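> Sequence and predicted structure are below.
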Amino acid sequence: MIYLRAYLTIMTLLSVLASVAGVSMGLSSIPQIYRIFLRKSAADISKVTHLIIVLGAFIWLLYGIEISSWPIIVSNFIGILTNALILLACYFYRETNRY
């Protein structure tokens with residue numbers, strides 16, 4: 001019985017840590033978003049990278065919905081929002097030829 005309680009405590013701790021890590025990873029794009037809007041330029045941002053991240057997070061979001069896992073749903077939803085915002089900023093601050 002003691003071993004089961006210790007196992008459940010460790011698994012609960014790991015679940016909380018995984019949730020925090022997932023949300024942190026989703027929020028990790030905020031410094032990039034801030035820099036793009038501060039500089040009003042997205043010239044050196046890889047659009048393909050962020051598009052792949054959005055597509056991958058969308059697949060994970062669908063999987064999280066399928067298995068009803070809120071940590072997967074929330075963390076990937078945040079990741080989709082932040083990386084989509086980067087793509088939107090790339091569109092608005094794209095370098096255009098003004099000649």
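Sure, I can see it.
> can you pull the buried residues of the lowest-mean-pLDDT helix or strand in the chain?
The least trusted helix or strand in the chain, going by mean pLDDT, DSSP states H and E, turns out to be helix 2-27, with a mean of 81. For helix 2-27, burial by neighbour count (16 or more other C-beta atoms under 10 Å) applies to 19, 22, 23, 26. Heads up, the C-betas are built off the backbone N, CA and C, glycines and all.
> next one: stretch 74-85
Neighbour-count burial for stretch 74-85 flags 74, 75, 76, 77, 78, 79, 80, 82, 83, 84, 85 (criterion: 16+ other C-beta under 10 Å).
> Just the ones of those in helices?
Members of those lying in helices (criterion: DSSP state H): 74, 75, 76, 77, 78, 79, 80, 82, 83, 84, 85.
> Adding distance to residue 39 and pLDDT as columns, could you present the residues you listed in JSON lines?
Below are these laid out as JSON lines (distance: C-beta to C-beta, whole Å; pLDDT from 0 to 100):
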{"residue": "74", "distance to residue 39": "30", "pLDDT": "93"}
{"residue": "75", "distance to residue 39": "28", "pLDDT": "93"}
{"residue": "76", "distance to residue 39": "28", "pLDDT": "95"}
{"residue": "77", "distance to residue 39": "27", "pLDDT": "96"}
{"residue": "78", "distance to residue 39": "23", "pLDDT": "95"}
{"residue": "79", "distance to residue 39": "23", "pLDDT": "95"}
{"residue": "80", "distance to residue 39": "24", "pLDDT": "97"}
{"residue": "82", "distance to residue 39": "18", "pLDDT": "96"}
{"residue": "83", "distance to residue 39": "18", "pLDDT": "96"}
{"residue": "84", "distance to residue 39": "19", "pLDDT": "96"}
{"residue": "85", "distance to residue 39": "15", "pLDDT": "95"}
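> follow-up on the earlier one: show me what secondary structure element comes after the least confident helix or strand of the chain.
Of the helices and strands lying after helix 2-27 in sequence (DSSP states H and E), the nearest is helix 30-39.
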